[in-house]
Structure formats: C-alpha cells, structure tokens
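>>> fold the following.
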Amino acid sequence: MLKRTTAATSFVVASLLLVGCSGSEGEASVGPSTTKEADAPETADAEDRPSLHSKEWQQRLDEIALAYGIEDPPRVAPIRVVGEDYVEAIDACMSDAGFPIDESGAINVPEDQAEAYALVVYTCEAQYPIDSRYLQPLTEEQYKTIHAYLVSEAVPCLADLGYAVPVPPSEATYVATVDGPDAYTTSGELYKLGLDTAEVEAAIADCPEIPPVEDLYSDR
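Numbers count the residues shown, from 1 in each chain. You can find the predicted model right below:
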C-alpha cells in the first residue's frame with residue numbers, strides 16, 4: 001500500500017505523485033505512446049508546450065528515473081502540458097493503467113508489480129509534462145503569499161479540527177528560513193503535537209499547506 005505525498009511549498013513538488021499501472025512480465029502498459037522509439041506527436045507545438053524542451057523538465061525525468069532505479073528510461077511521447085490540472089492528469093493516467101487512488105490517497109501495488117509500477121511513475125510524468133513556470137524556484141513574493149495563507153487560512157482551519165498549531169513566524173523570518181532546517185510547515189507542527197503520519201496526512205488533506213495554485217502563480 002503506497003500513499004501519495006504532498007509538498008509544503010511548491011505546486012510542482014507535489015510530485016513524485018505516485019502513479020502506477022499493471023503489466024505483464026515486468027512491462028508497464030499505459031497505452032501506445034509508451035515506447036522506446038516514440039517521439040512527440042507531430043501536432044506538438046513547442047510554443048504551446050513550454051516544458052517539452054526545457055532543461056527543468058528533463059532534469060525532473062532524470063530525477064524520477066534515478067529515484068525509482070530505472071536504468072534505461074523509455075522515450076515517451078508527451079500527450080499534453082499540464083499546469084493546475086497536474087494532479088487530475090496524473091490520477092487519470094494512473095486509474096486508466098489499473099491503479100486508482102482510493103479515498104484515503106493510497107495505492108495498492110503488489111510486490112511482484114513494483115518494477116512495472118516504477119516504470120509507469122516515469123511514464124505518466126513524461127506523458128504529462130508540467131508547464132515550465134511551475135518548475136521554477138518560488139519567488140520571495142510567492143513565499144509571502146504562502147505565509148499569508150498559512151496565517152489566515154491553514155492554521156485557523158487546523159484549529160477548527162482541534163489542532164492547536166502555532167502561527168508561522170513573521171513574514172521576514174518565514175521567508176528567510178523557508179529553505180533551511182528551521183522552516184515552518186503546518187505538517188511539521190502537527191508532528192510536534194504527536195500525530196502519526198496518517199493523522200497528519202488527513203489533516204493536511206482538509207487544510208492544505210499551500211494556497212490554491214491560481215493564487216500562488218497569479219503573477220506568472
């Protein structure tokens with residue numbers, strides 16, 4: 001049983017969103033676009049597909065292959081570039097492949113399908129490359145947006161659930177420490193309260209750690 005993970009400070013890092021598929025003899029089966037020789041569709045317009053040729057996108061695929069031990073990644077024909085619909089696209093890819101996510105966010109992957117599963121993690125990510133703007137480091141203004149959201153939305157939401165999570169530090173301190181070991185996250189504060197992983201994930205599902213994508217990327 002595997003669970004998807006979410007990131008505290010970036011829409012994109014809500015990735016390695018786990019995807020999977022069933023196959024035979026260790027081969028993934030996700031449709032005709034998953035082949036060693038596949039190229040991007042002839043209709044693909046580089047101007048309309050800002051991630052297809054970006055170094056960030058290729059680096060992302062390389063990191064996924066490394067994380068899942070894929071030594072010879074297949075060439076995968078992109079279907080379309082995604083942005084705010086990233087999660088929905090990956091979830092649909094996974095479900096079409098035979099590994100739907102249940103209501104708790106878990107994925108059932110039999111041990112004998114682990115290799116096929118890893119291949120499809122790579123494949124679905126490659127089929128739905130993320131708009132390159134979501135692969136850029138967050139700006140100071142975006143971190144300020146997250147801080148404001150945590151103060152006004154996330155922490156009060158958790159309080160309504162019965163969790164007395166402290167408010168974030170000042171905006172300046174939050175931004176200055178966001179990439180360090182002292183970074184404030186509501187999930188981190190929930191763990192400090194003694195919650196286990198399942199309880200933290202349930203709370204964050206109800207009270208996300210980041211604002212809606214359209215708010216976080218409104219200026220990009």
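
>>> quick check: residue 210 vs residue 182, distance?
Separation of residue 210 from residue 182 (C-beta to C-beta, to the nearest Å) stands at 19 Å. Bear in mind the C-beta positions are built from the backbone N, C-alpha and C, glycine included.

>>> so for those two, which residue has more residues nearby?
Per other C-beta atoms under 10 Å, whichever of residue 210 and residue 182 has more neighbours is residue 210, with 25 against 10.

>>> need the contact list for the closest residue to that one other than its chain neighbours.
Nearest residue to residue 210, sequence neighbours excluded (C-beta to C-beta, 6 or more residues apart in numbering): residue 146, at 5.8 Å. Residue 146 is in contact with 9, 138, 210-211, 216, counting by C-beta atoms under 8 Å, 6 or more residues apart in numbering.

>>> so how far is residue 140 from residue 146?
Residue 146 is 11 Å from residue 140, by C-beta to C-beta.

>>> what's the average pLDDT for the helix or strand harbouring residue 203?
Element membership of residue 203, judged by DSSP states H and E, is helix 197-206. The predicted model assigns helix 197-206 a mean pLDDT of 91.

>>> now do the helices in this structure.
55-67, 86-96, 114-127, 140-149, 155-160, 171-177, 186-192, 197-206, 213-216 (DSSP state H).

>>> among the ones you listed, which is nearest residue 133?
Closest to residue 133 of the helices of the chain is helix 55-67 (C-beta to C-beta; 9.8 Å).

>>> that closest one - contacts with which helices or strands?
helix 114-127 (3 or more C-beta pairs under 8 Å, 6 or more residues apart in numbering; DSSP states H and E).

>>> list the buried residues of the helix it packs on.
Using 16 or more other C-beta atoms under 10 Å as the test for burial, helix 114-127 gives 115-127.
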